[in-house]
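Q: model the following, please.
(one chain, ligands or ions: 2)
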Amino acid sequence: MITNYPIMLRLEGKKVVVVGGGKVAERKVTGLLETGARVMMISPEATDELKRLADEGKLDWQQRLFSQDDLKDAFLIFVATNDTTLNQQIKDSAGCHQLVTIADDPDGSDFHLPSYFQRGRLSIAVATGGASPMLARKIREQLEQQFDETYEEYLDFLFLKRQWILQEVADATLKRKLLTAIVSPEFLNSNNREVDFQQLYEKMI
Ligand SMILES: C[C@@]1(CC(=O)O)c2cc3[nH]c(cc4nc(cc5[nH]c(cc(n2)[C@H]1CCC(=O)O)[C@@](C)(CC(=O)O)[C@@H]5CCC(=O)O)C(CC(=O)O)=C4CCC(=O)O)c(CCC(=O)O)c3CC(=O)O
Ligand SMILES: NC(=O)C1=CN([C@@H]2O[C@H](COP(=O)(O)OP(=O)(O)OC[C@H]3O[C@@H](n4cnc5c(N)ncnc54)[C@H](O)[C@@H]3O)[C@@H](O)[C@H]2O)C=CC1
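A: Ligands and ions are numbered 1, 2, ... in the order given. Presented below is the predicted three-dimensional model:
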C-alpha cells in the first residue's frame with residue numbers, strides 16, 4: 001500500500017484559497033487563520049461565522065462565483081463547494097505545483113486534513129485516510145484528555161532545557177542521560193521543574 005506523507009506546514013504570509021462558504025469551508029478557514037496564512041474565500045454565500053470573520057477583516061471574502069484567476073499565486077487550495085462537477089473542474093484548472101484538496105473527493109486530492117489539536121509546542125494529529133473522519137475526531141478527543149493543558153508548560157520547559165543542555169553539556173553520555181531524564185512523569189507532574197532539574201544535574205555531574 002502506498003502511504004501518505006505527514007508534514008507540518010508553515011503558512012504565515014502565504015496565500016491560501018478556499019472555494020465555498022459552507023460548514024466545511026468554515027472548519028478549514030477557522031484552522032487556517034491560526035496559521036497566519038492570507039486566506040481568500042470565494043463564495044456567493046457564507047455561514048454567519050465566516051461573515052463575522054470577514055467583517056473583522058481576518059478573512060478576504062470575495063462574494064461571488066469562483067473564477068479561474070482566483071487560483072493565481074495560491075500555495076494551497078481548498079475546494080469545498082456543494083457542486084461535485086465544479087469541484088473537479090477547479091482541481092483540473094490548478095497548476096501542477098499547487099496543492100489542492102477537494103472536500104468530496106479524498107482520492108482525487110493532493111492532501112487531506114487530519115483531526116488536530118495543539119498544546120503549545122506539542123501538536124497531535126490523527127488521520128484515517130478518509131476511512132472515518134468521525135473516528136479521527138473520536139481518537140483526537142481521547143488524546144485531548146490524555147495530553148491535557150499540563151503539556152503546554154511542560155513542552156516549554158523541555159524546549160528551554162534541551163537548548164541549555166545542548167549548549168552547556170559537552171559530555172555525550174551525560175547529555176543523553178539528562179535529555180532522557182526530563183522526559184518522565186516526575187518532570188511532567190513536578191511543581192517546580194527548575195529546582196528538580198538543578199538537583200538532578202548536580203547529582204549527575
Ligand atoms: C478526506 C477528508 C478530506 C478533508 O476534508 O481534508 C474528509 C472527507 C469527508 N468528511 C466527511 C464527513 C465528515 N467529516 C467530519 C469531520 C472532519 N473531517 C475531517 C477530515 C476529512 N474529511 C479528511 C479525511 C480525514 C481522515 O480520514 O483522517 C477532519 C478530521 C478535519 C477537518 O476537516 O478539519 C474533521 C474532524 C475535526 C475534528 O473534530 O477533530 C465529520 C464529523 C464531524 O463533523 O463531527 C463528518 C460527518 C461524519 C462522517 O461522515 O464520518 C465526508 C462525507 C460528506 C458527505 O456526507 O457527503 C467527506 C467526503 C468523503 O469522504 O468523500
Ligand atoms: N471534507 C469534509 O470534512 C466534509 C465534506 N463534505 C462535502 O463538502 C462539500 C461542502 O459541504 P458543505 O460545506 O456542508 O456545503 P454547503 O452547501 O453548506 O456549502 C457549499 C458552499 O459552496 C458555495 N458555492 C456553490 N457554488 C459555488 C461557486 N460556483 N463558486 C463559489 N462557491 C460556490 C455555496 O455558496 C456554499 O457556501 C460537499 O460536497 C460535501 O459533500 C461534507 C461534510 C464534511
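Q: after the helix ranked longest in the chain comes which helix or strand?
A: Counting residues, the longest helix in the chain under DSSP state H turns out to be helix 150-168. Using DSSP states H and E, the helix or strand that follows helix 150-168 in sequence is helix 172-181.
Q: and the contacts of the longest helix of the chain?
A: 119-122, 175, 178-179, 182-183, 187-189, 193, 197 (C-beta atoms under 8 Å, 6 or more residues apart in numbering). Bear in mind the C-beta positions are built from the backbone N, C-alpha and C, glycine included.
Q: now do the contacts for the residue of the chain found nearest ligand 2.
A: Ligand 2 sits closest to Gly22 of the chain, with a gap of 2.1 Å, by C-beta to the nearest ligand atom. Residues near Gly22 by C-beta under 8 Å, 6+ apart: 43, 45, 47, 80-82.
Q: list the contacts for Gly95?
A: Leu71.
Q: sorry, back to before: in PyMOL, how would I select the buried members of the contacts of helix 150-168?
A: A single PyMOL command is used to select the members of those judged buried by 16 or more other C-beta atoms under 10 Å:
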select buried, resi 119+178+182+187+193+197
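Q: among the contacts of helix 150-168, give me the pair with the biggest separation.
A: Arg119 and Lys175 (25.8 Å; C-beta to C-beta).
Q: just to revisit the earlier point, in strands, which of the contacts of helix 150-168 fall?
A: 119, 122 (DSSP state E).
Q: TSV please, covering the contacts of helix 150-168 and showing pLDDT.
A: Converted to TSV, the contacts of helix 150-168 look like this (pLDDT from 0 to 100):
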residue	pLDDT
Arg119	97
Gly120	95
Arg121	95
Leu122	97
Lys175	97
Leu178	97
Leu179	97
Ile182	97
Val183	98
Phe187	97
Leu188	97
Asn189	96
Arg193	97
Phe197	97
